[in-house]
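Engineer: how would this look folded up:
(chains A, B, C and D)
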2 protein chains.
Amino acid sequence: MENYLIKPSNEEAARFIKARAASSVLLIKAVMRVDYEGRAKAGLEAGSYLIMIKPDGTFMVHGSKKEKPLIWNPPGSRLYVELQDNALALLSIRSSPRERVIAILHELEFIGSFDVEHVDNKVVGTESDLVDWLVSNPGFIEQGFTVLEREFETAVGKIDILGRDSRGRIVVVEVKRSQAGPDAVNQLKRYVDHIAQKRGERPRGILVSPDISSSAYFYLKTNGLEYIKVNRNLTSLRKITDYS
Amino acid sequence: MENYLIKPSNEEAARFIKARAASSVLLIKAVMRVDYEGRAKAGLEAGSYLIMIKPDGTFMVHGSKKEKPLIWNPPGSRLYVELQDNALALLSIRSSPRERVIAILHELEFIGSFDVEHVDNKVVGTESDLVDWLVSNPGFIEQGFTVLEREFETAVGKIDILGRDSRGRIVVVEVKRSQAGPDAVNQLKRYVDHIAQKRGERPRGILVSPDISSSAYFYLKTNGLEYIKVNRNLTSLRKITDYS
DNA sequence: CGTGCCAGGTGCCGT
DNA sequence: ACGGCACTTGGCACG
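Structural biologist: As a prediction, the model looks like this:
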């Protein structure tokens, strides 16, 4: 059941929040001061902000800009409502790591309680989808390439695809769904080095991504690694052998 | 000026949104279908969700769980409002990369326009703070350590602190504010390798963080790198020389 | 604008 | 729980 309070008293607000926080998404507009202390520390000067509290414990204080809340506590946090002399205090506690958000609400402008879906959204076009496609179409990587393992676990991390080329040489494939940077090259190099040390023979290393920064490409090349460029939407894929 | 519409008609809603989207944060509760297409693709079945639109172009569709929106477009996106036969369509366009969020609102339950602060929040306790402290207290890293450069730029990335130990040996210091994983070790190793190749002499490499995963520690040790553990709040710092 | 990298990252899926 | 890693990562600072 939707319900709204406009300029409620602190008592009304406290009752409302306590009654509905467990089942509905709450939106609160008020003049407030907010402080956060935990892994880091932050605070908001007194002003008008928008609080969103979800039934799963998510607590967010939004300003007029940006996607991320100014201050927040993640799902699983516990909410405490406390009436003070001239204010309503909302306390959100996260247990591990210990983090605390305190909002002292002064002038309550609006509170709404909203019943919304609790769905798990499905996203298509992730790295996992790209790996799936490559496993189903191993010939794309190169003629005669065969997949040995997917998500192959090593002591230094999981290898996206471990395979073998047409001449029998082991190939480590690392896939990135967006532009590859030095980190991605580093990751591939780490796997290659590990396999080399383990098997006594150096495998080939191939980075697959829709794009790569120029310095990352240089870093890749100077380490004897290879690059395959794919189109973002997996159509009209092509390879880059020379970058200059 | 705050304003609220409860169960408005599509025409009312369209007028309201157009009038206020540029200056206020809008909150819309409705039964809707939402689709996203861009770098990836996602869609929401028809249901009740909460839309938050900020004056900077941020467009978010929230469900009842999690901190992140189910579907969103970031700041800078442009909003289009369009009256359809039996629905109100909200279109959010991001230009680069090209991304599109379309929400078809069927039963409008509530729209509110809220004037909130546009502040930039200041957070204390970041990695930068930790690096600052180490630069001011170089003796903490070890007796006789001196700082040569901070944020030293190389072809393979920026080194947090480049210094020299009491015996004149170059030291690469990489700082992490939270638990270090294989990536962090990899990063340090990359810098060390780079300096080694550049100068013809291998520098020492020290990772500084409040924690390190055991496999990352193993990876670090097998590469001849060193670790210093610091307390999260910079008090009672201590070093780990042996981890077993 | 691209490149690099931190983030109170968050979320997901393992062991 | 801890660990490893992707994410429509977002956000920032610097070239």
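Engineer: excluding its backbone neighbours, what's nearest residue A:12?
Structural biologist: Nearest residue to residue A:12 in three dimensions, chain neighbours excluded: residue A:5, at 6.1 Å (C-beta to C-beta, 6 or more residues apart in numbering or on different chains). Where C-beta positions appear, they are placed from N, C-alpha and C, glycine not excepted.
Engineer: Over to residue A:27?
Structural biologist: The shortest distance from residue A:27 to any non-neighbouring residue, by C-beta to C-beta, 6+ apart, is to residue A:112 (4.7 Å).
Engineer: And residue A:78, by the same measure?
Structural biologist: Nearest one to residue A:78, counting by C-beta to C-beta, 6+ apart, is residue A:93 at 4.9 Å.
Engineer: Confirm that the one you found sits in a strand.
Structural biologist: Yes - residue state for residue A:93 (DSSP: H, G, I helix; E, B strand; the rest coil) corresponds to a strand.
Engineer: Report the beta-bridge partners for it.
Structural biologist: residue A:78, residue A:100 (DSSP bridges).
Engineer: Cross-check the contact I'm expecting between it and residue A:77.
Structural biologist: Yes - shown here, residue A:93 and residue A:77 form a contact pair, counting by C-beta atoms under 8 Å, at 6.0 Å.
Engineer: Mutual contacts of the two, please.
Structural biologist: The overlap between the contact sets of residue A:93 and residue A:77 (C-beta atoms under 8 Å, 6 or more residues apart in numbering or on different chains) consists of residue A:99.
Engineer: Check the gap between the residue of chain A found nearest DNA strand C and chain B for me.
Structural biologist: Nearest to DNA strand C, among the residues of chain A, is residue A:213, at 2.8 Å (C-beta to the nearest atom of the strand). Using C-beta to the nearest C-beta, to the nearest Å, one gets 11 Å for the distance from residue A:213 to chain B.
Engineer: residues near that residue, how many?
Structural biologist: As a burial measure, residue A:213 scores 14 neighbours (other C-beta atoms under 10 Å in any protein chain shown).
Engineer: Which residues are in contact with it?
Structural biologist: Contacts of residue A:213 by C-beta under 8 Å, 6+ apart are A:179, A:180, A:181, A:182.
Engineer: The second one bridge partners, please.
Structural biologist: Put plainly, it is residue A:180. For residue A:180, the beta-bridge partners under DSSP bridges are residue A:212.
Engineer: Which stretches in chain A count as strands?
Structural biologist: Assigned by DSSP state E, chain A shows strands spanning A:3-6, A:25-37, A:41-53, A:59-62, A:71-73, A:78-83, A:88-94, A:99-114, A:123-124, A:146-154, A:157-164, A:170-175, A:204-209, A:226-229.
Engineer: closest to residue B:230 out of those?
Structural biologist: Comparing the strands of chain A against residue B:230 with C-beta to C-beta, the closest turns out to be strand A:41-53 (16.6 Å).
Engineer: Name the residues of that closest one that are buried.
Structural biologist: For strand A:41-53, burial by neighbour count (16 or more other C-beta atoms under 10 Å in any protein chain shown) applies to A:42, A:43, A:44, A:48, A:49, A:50, A:51, A:52, A:53.
Engineer: Let me see the contact set for residue A:99.
Structural biologist: Applying C-beta under 8 Å, 6+ apart, the residues near residue A:99 are A:36, A:37, A:38, A:39, A:73, A:77, A:93.
Engineer: Check the burial of residue A:202 by counting its neighbours.
Structural biologist: 14.
Engineer: State the distance from it to chain B.
Structural biologist: Per C-beta to the nearest C-beta, residue A:202 is found 16 Å from chain B.
Engineer: again with residue A:212
Structural biologist: Counting by C-beta to the nearest C-beta, the separation of residue A:212 from chain B is 14 Å.
Engineer: With residue A:33 instead?
Structural biologist: For residue A:33, the distance to chain B equals 12 Å [C-beta to the nearest C-beta].
Engineer: Just list whatever residues bridge to the residue in chain A positioned nearest to DNA strand D.
Structural biologist: DNA strand D sits closest to residue A:157 of chain A, with a gap of 2.1 Å, by C-beta to the nearest atom of the strand. In this entry, residue A:157 is beta-bridged to residue A:154, by DSSP bridges.
Engineer: I figured the residue nearest to residue A:12 hits residue A:15, correct?
Structural biologist: No - counting by C-beta under 8 Å, residue A:5 sits too far from residue A:15 to count as a contact (9.7 Å).
Engineer: Can you pick out the residue with more neighbours from these two?
Structural biologist: Between residue A:5 and residue A:15, counted using other C-beta under 10 Å, residue A:5 has the larger neighbour count: 18 against 15.
Engineer: got a pLDDT number for the more buried one?
Structural biologist: Residue A:5 carries a pLDDT value of 97.
Engineer: ok, now which ones touch it?
Structural biologist: A:12, A:13, A:16, A:108, A:110, A:111, A:112.
Engineer: Check the spacing between residue A:174 and chain B real quick.
Structural biologist: The gap separating residue A:174 from chain B is 13 Å, by C-beta to the nearest C-beta.
Engineer: How about residue A:12?
Structural biologist: 17 Å.
Engineer: Around that residue, how many other residues sit close by?
Structural biologist: As a burial measure, residue A:12 scores 14 neighbours (other C-beta under 10 Å).
Engineer: From residue B:2, how far out is residue A:125?
Structural biologist: 39 Å (C-beta to C-beta, to the nearest Å).
Engineer: Between these two, point out the one with more neighbours.
Structural biologist: residue A:125 (17 against 14).
Engineer: what residues does chain A put near DNA strand C?
Structural biologist: A:36, A:38-40, A:42, A:58, A:69, A:71-75, A:94, A:99, A:101, A:120, A:179, A:181-183, A:211, A:213-216 (C-beta under 7 Å from any atom of the strand).
Engineer: hang on, isn't residue A:26 packed against residue A:113?
Structural biologist: Yes - between residue A:26 and residue A:113 there is a contact at 5.6 Å, judged by C-beta under 8 Å.
Engineer: Find residues that contact each of those two.
Structural biologist: Common neighbours of residue A:26 and residue A:113 (C-beta under 8 Å, 6+ apart) are residue A:20.
Engineer: Residue ranges of each domain in chain A, please.
Structural biologist: Following automatic domain parsing, one gets these domains for chain A: A:3-114, A:127-229.
Engineer: does any part of stretch A:133-149 sit near chain B?
Structural biologist: No - residues of stretch A:133-149 contacting chain B under C-beta under 8 Å from any C-beta of the partner chain: none, with a closest distance of 13.9 Å.
Engineer: hang on, the earlier thing: give the PyMOL command for selecting the buried subset of the residues of chain A next to DNA strand C.
Structural biologist: Entered in PyMOL, the line below selects the buried ones among the residues of chain A next to DNA strand C, by 16+ other C-beta under 10 Å:
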select buried, chain A and resi 36+38+39+42+58+69+71+72+73+94+99+101+181+182+216
